[in-house]
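fold the following.
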Amino acid sequence: MAKRKVLKVVQKPNYTVVDFRDPPKKQVLRYRTVKTKSGHLIRVAVLRKKGPRGGRTQIVSLWHPRKKGR
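I've put the predicted structure just below:
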């Protein structure tokens with residue numbers, strides 16, 4: 001899996017947001033948010049063309065839940 005370059009890390013009240021570089025606007029069909037079992041939110045861009053490995057999605061941001069009780 002290729003490493004994505006992190007643009008910025010933002011602290012929200014309930015999440016730590018890691019932003020990655022957005023794909024070109026012409027290639028994006030829509031954005032989707034996927035919630036994992038562990039509570040992480042993954043924002044994904046659905047692209048028009050398939051990538052080099054056959055996929056059509058690219059991660060845009062990753063939301064890590066902050067610890068409760070802190």
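
where's the most centrally placed residue in the chain relative to Gly55, distance?
Central residue of the chain (CA atoms, centre = their mean): Ser61, 2.8 Å from the mean position. As judged by CB to CB, to the nearest Å, Ser61 and Gly55 stand 18 Å apart. Heads up, the C-betas are built off the backbone N, CA and C, glycines and all.

now for the host helix or strand of the residue nearest to the centre of the chain, which elements pack on it?
In the assignment (DSSP states H and E), Ser61 maps to strand 57-65. If contacts are counted by 3 or more CB pairs under 8 Å, 6 or more residues apart in numbering; DSSP states H and E, strand 57-65 sits against strand 15-20, strand 41-47.

for Val34, which of those strands is the nearest?
Closest of the helices and strands packed on strand 57-65 to Val34 is strand 41-47, at 4.7 Å (criterion: CB to CB).

ok, the closest one: who's next to it in the sheet?
If you go by DSSP bridges, strand 41-47 pairs up with strand 28-35 (antiparallel), strand 57-65 (antiparallel).

what does the shortest one rub up against?
Taking contacts as CB atoms under 8 Å, 6 or more residues apart in numbering, the residues outside strand 28-35 that touch it are Asp22, Leu41, Ile42, Arg43, Val44, Ala45, Val46, Leu47, Arg48, Thr57, Val60.

pull out the buried residues from those residues.
Among the contacts of strand 28-35, those buried by neighbour count (16 or more other CB atoms under 10 Å) are Arg43, Val44, Ala45, Leu47, Val60.
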